[in-house]
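S.K.: Can you look at this prediction? I've put the sequence above it.
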Amino acid sequence: MKKSIKRAFTLIEVLVSVIIVFIVVVGAMQISKQNKDMANYLLKRGSSEIDNSLFLTKKVQHYSNEKKNAYDLLVDEFSIKDFESRDLLKKVEKKINITEKLPIPIGGEDEAPQFVFYTNEILLNGDYPARYYTFK
């Protein structure tokens, strides 16, 4: 008669497989956390860009090196009668920095420029700073 031999995993094989599964699970959890953090950052950055667009009025050019709220810049542009909207706009604050207008000549290098336009930079500093350019 033949004896049947039952094979089983040794303790070392079981420990190695548990360690491998642990490493894979920890890696997947880290990737998930990074994805969540990136999605949260993008959501906040997008909201900040919407807030920044409130400051892009003609009036912004008058407030270099000043901290202003969105309501101050929009009060002359729109009639804002809703108190809740006013309060929300007053909470959106940015420090505004405007650079001096720089001439940019357009034309050949050796000849007189065909025309010149001017540009300056609008820097909005807050939680998520932004940079915009105006051209005239």
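M.R.: Yep, it's here. Residues are numbered from 1 along each chain as shown.

S.K.: Give me the distance between the top strand by length along the chain and the centre of its chain.
M.R.: For the chain, the strand with the greatest residue count under DSSP state E is strand 115-125. Chain-centre distance of strand 115-125: 21 Å, with CA atoms, centre = their mean, to the nearest Å.

S.K.: Same question for that strand: list its buried residues.
M.R.: Of the residues in strand 115-125, those buried by neighbour count under the rule 16 or more other CB atoms under 10 Å are Asn120, Ile122, Leu124. Where C-beta positions appear, they are placed from N, C-alpha and C, glycine not excepted.

S.K.: Nearest the middle, which residue of this structure would you pick?
M.R.: Arg45 (3.1 Å; CA atoms, centre = their mean).

S.K.: what about it, helix or strand, and which?
M.R.: Here Arg45, judged by DSSP states H and E, is contained in helix 11-53.

S.K.: by contact count, what packs against that helix?
M.R.: Identification of packing neighbours for helix 11-53 by 3 or more CB pairs under 8 Å, 6 or more residues apart in numbering; DSSP states H and E yields strand 130-135.

S.K.: what residue ranges in this protein score low on pLDDT?
M.R.: Where the chain drops to pLDDT under 70, the residues are 1-4.

S.K.: Alright, that wraps it up for me.
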